[in-house]
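1. Need the 3D shape of this:
(one chain, ligands or ions: 1)
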Amino acid sequence: MTSRITHPDGYVFAKRHCLSISDFNRVEIDTLLELGLHYCAPQAQRCDHLKGALLVNLFFENSTRTQNSFEVAAKRLGADVVNMAVGSSSVAKGETLLDTAATLNAMRPDVLVVRHNASGAPALLSQKVSCSVINAGDGVHEHPTQAFLDALTLKRTLGDISGLRIAICGDILHSRVARSNIILMGLLGAEVRLIGPPTLLPADADRWGAEVFHDMSEGLRGCDVVMMLRLQLERMQGALVPSKREYFHFYGLDRAKLDLASPGALVMHPGPMNRGVEISSDVADDPDISLITKQVETGVAMRMAIIDALYAARQNGEAAHV
Ligand code: CP
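-> Numbering: from 1, shown residues only. Predicted structure coming up:
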């Protein structure tokens with residue numbers, strides 16, 4: 001059985017879930033990024049590949065970009081979308097995550113998009129439901145679709161990720177975006193650097209395959225891309241930074257610090273941003289250097305590609321078993 005979603009070498013994409021970047025090999029990653037590039041074209045964003053399919057957004061943590069991006073992506077593929085309002089659902093009456101998922105599964109969705117504050121929650125659900133599960137961010141573990149959209153943004157802008165020197169800066173300890181990007185950018189051939197205060201870097205960060213710096217002026221030298229991370233005060237127990245003002249002085253990205261990177265270096269941020277804490281507004285809002293709006297725009301195309309590929313793999317697998 002062949003699929004619409006094939007790699008030029010004939011490999012047929014067969015993954016059912018998107019839970020962690022480490023679940024994908026290079027061919028699968030290239031297949032998804034190529035499909036993402038296809039969906040970047042406005043005319044490609046109107047299709048009916050998922051007509052009659054149902055995507056359920058199940059977000060236990062707040063979201064602006066990810067949840068809306070999945071909704072737009074699914075609708076542009078022709079699918080129906082249900083956004084479960086967790087706060088007004090039976091979760092508030094004590095229904096468990098697994099019971100909630102089993103209930104939604106009985107309504108026969110095709111794709112369940114899950115954000116949860118517990119690392120591993122989407123992976124657990126994927127073993128209990130019959131549909132595809134997409135991890136939209138689980139605790140401090142991973143945010144794989146954010147890393148895919150970041151890679152696609154760089155691919156659209158610079159062509160090739162291989163050989164780029166990418167600095168990921170700030171609150172790495174609490175960042176699922178950092179964990180997914182370290183794996184993905186490394187697989188795509190980039191040199192990844194981690195920059196942050198010792199209190200915001202995991203003790204074993206030097207074993208993640210990235211060079212660790214505590215000094216922005218050293219770490220940014222020669223970097224082609226500077227990816228800033230949000231200071232996640234809501235996940236901190238106790239004060240891990242002396243003050244926001246001091247944090248900005250040492251680790252916030254402003255023009256002076258950006259000048260230490262390679263000439264023409266580009267700036268990324270997954271959002272939401274704390275302006276004046278990890279990034280200055282004049283850097284974030286400069287369209288010549290900031291890819292932040294392009295990341296959001298590219299996110300729709302990348303999520304269309306991921307939803308489409310998982311759905312096609314499932315259809316293909318079911319057809320093969322008939
Ligand atoms: N980047 C990201 O995950 O943003 P949201 O929290 O708004 O979804």
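2. where does the stretch 51-200 of the chain come near the ligand, residue by residue?
-> Applying CB under 6 Å from any ligand atom, we find that the stretch 51-200 of the chain lies next to the ligand at 63, 64, 65, 66, 137, 143, 146. Backbone N, C-alpha and C define where each C-beta goes, glycine included.
3. Per-residue pLDDT of the fifth one, please?
-> Which is residue 137. Model confidence at residue 137, given as pLDDT, is 98.
4. give me the element it is part of.
-> strand 132-138 (DSSP states H and E).
5. List the buried residues in stretch 38-54.
-> The neighbour-count check on stretch 38-54 (16 or more other CB atoms under 10 Å) flags 39, 40, 45, 49, 50, 53, 54 as buried.
6. Bridged to residue 191, which residues?
-> residue 165 (DSSP bridges).
7. follow-up on the earlier one: need the CA coordinates for the strand holding residue 137. PDB is fine.
-> This file holds the C-alpha atoms of strand 132-138, laid out as PDB (Å, rounded to 0.1, in the frame of the first residue of the first chain):
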ATOM      1  CA  SER A 132      -3.400   9.700  16.700                       C
ATOM      2  CA  VAL A 133      -2.000  11.700  19.600                       C
ATOM      3  CA  ILE A 134       0.100  14.900  19.100                       C
ATOM      4  CA  ASN A 135       2.100  16.300  22.000                       C
ATOM      5  CA  ALA A 136       1.400  20.000  22.200                       C
ATOM      6  CA  GLY A 137       3.800  20.400  25.200                       C
ATOM      7  CA  ASP A 138       4.100  18.100  28.200                       C
END
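8. continuing past it, what's the next helix or strand?
-> Sequence-wise, the next helix or strand downstream of strand 132-138 (DSSP H and E) is helix 144-158.
9. Check which helices and strands that next one sits against.
-> Helix 144-158 sits against helix 26-40, strand 132-138, helix 176-187, strand 266-268, helix 292-320, with contacts defined as 3 or more CB pairs under 8 Å, 6 or more residues apart in numbering; DSSP states H and E.
10. Can you list the neighbours in contact with that helix?
-> If you take CB atoms under 8 Å, 6 or more residues apart in numbering as the criterion, helix 144-158 is touched by 18-21, 29, 32-33, 36-37, 40, 66, 134-137, 161, 164, 176-177, 180-181, 183-185, 188, 224-225, 227, 266, 268, 270, 291, 294-295, 298-299, 301-303, 306.
11. May I have it as CSV, with CA atoms only?
-> Extracted in CSV, the C-alpha atoms of helix 144-158 (Å, rounded to 0.1, in the frame of the first residue of the first chain):
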residue,chain,number,x,y,z
PRO,A,144,7.9,18.6,19.2
THR,A,145,5.6,20.6,16.9
GLN,A,146,7.3,23.8,18.1
ALA,A,147,10.7,22.4,17.1
PHE,A,148,9.4,21.3,13.7
LEU,A,149,8.0,24.7,13.0
ASP,A,150,11.2,26.4,14.2
ALA,A,151,13.2,24.1,11.8
LEU,A,152,10.8,24.9,8.9
THR,A,153,11.1,28.6,9.6
LEU,A,154,14.9,28.4,9.3
LYS,A,155,14.6,26.2,6.2
ARG,A,156,12.3,28.7,4.5
THR,A,157,14.5,31.6,5.5
LEU,A,158,18.0,30.2,5.1
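12. Check which helices and strands the strand holding residue 137 sits against.
-> Counting contacts by 3+ CB pairs under 8 Å, 6+ apart, strand 132-138 packs against helix 65-76, strand 111-116, helix 121-126, helix 144-158, helix 292-320.
13. ok, back up a step: for the buried residues of stretch 38-54, please prepare CSV with the additional fields secondary structure and pLDDT.
-> Shown next, in CSV, are these (DSSP: H, G, I helix; E, B strand; the rest coil; pLDDT from 0 to 100):
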residue, secondary structure, pLDDT
39, helix, 98
40, helix, 98
45, helix, 96
49, coil, 96
50, coil, 97
53, coil, 98
54, strand, 98
